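J.: give me a 3D structure for the following:
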Amino acid sequence: MKFAVCDDEAFERDKIRDLITQYATTKAMNIDVDYYETGEELLATYEKGKYNIIFLDVEIGADDGIVIGERIRNFP
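T.: Purely as a prediction, here's the structure:
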């Protein structure tokens, strides 16, 4: 599985990384995760179908996670 985590706070990204790692270990799953600090970083590398799950911070600095999610949903 392929995940994306987009959060402007390193502490929160680390917490999510730890949770994903713990889950993958207990379920014997291979999960590859890409981490982004801004929605613009995520959008710059995003390709439709690239990720199974995308975790977005709702309040992410100057960006808005809801708007980023809508842009991803409408990606060509």
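J.: show me where this protein has helices.
T.: Defined through DSSP state H, the helices belonging to the chain, from first to last, are 10-26, 39-45, 65-73.
J.: tabulate the ones you listed in a markdown table, adding columns for mean pLDDT, distance to I53 and mean neighbour count.
T.: No exception for glycine: its C-beta is placed from N, CA and C like everyone else's. Conversion of the helices of the chain to a markdown table gives the following (pLDDT from 0 to 100; distance: least, C-beta to C-beta, whole Å; neighbours: other C-beta atoms under 10 Å):
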| stretch | mean pLDDT | distance to I53 | mean neighbour count |
| --- | --- | --- | --- |
| helix 10-26 | 96 | 9 | 13 |
| helix 39-45 | 94 | 13 | 16 |
| helix 65-73 | 92 | 12 | 15 |
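J.: could you dump the ones you listed to JSON lines with distance to A4?
T.: Formatted as JSON lines, the helices of the chain follow (distance: least, C-beta to C-beta, whole Å):
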{"stretch": "helix 10-26", "distance to A4": "11"}
{"stretch": "helix 39-45", "distance to A4": "6"}
{"stretch": "helix 65-73", "distance to A4": "9"}
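J.: wait, which of those helices is closest to V33?
T.: Distances from V33 to each of the helices of the chain were compared using C-beta to C-beta; the minimum, 5.9 Å, belongs to helix 10-26.
J.: can you spell out which helices and strands pack onto that closest one?
T.: For helix 10-26, the contact count by 3 or more C-beta pairs under 8 Å, 6 or more residues apart in numbering; DSSP states H and E identifies strand 2-6, strand 32-36 as packing neighbours.
J.: so which of those gets nearest E70?
T.: Going by C-beta to C-beta, the one of these nearest E70 is strand 2-6, 13.8 Å.
J.: which residues does that closest one contact?
T.: By C-beta atoms under 8 Å, 6 or more residues apart in numbering, the surrounding residues in contact with strand 2-6 are 13, 16-17, 20, 31-39, 41-42, 46, 50-57, 60, 65, 68.
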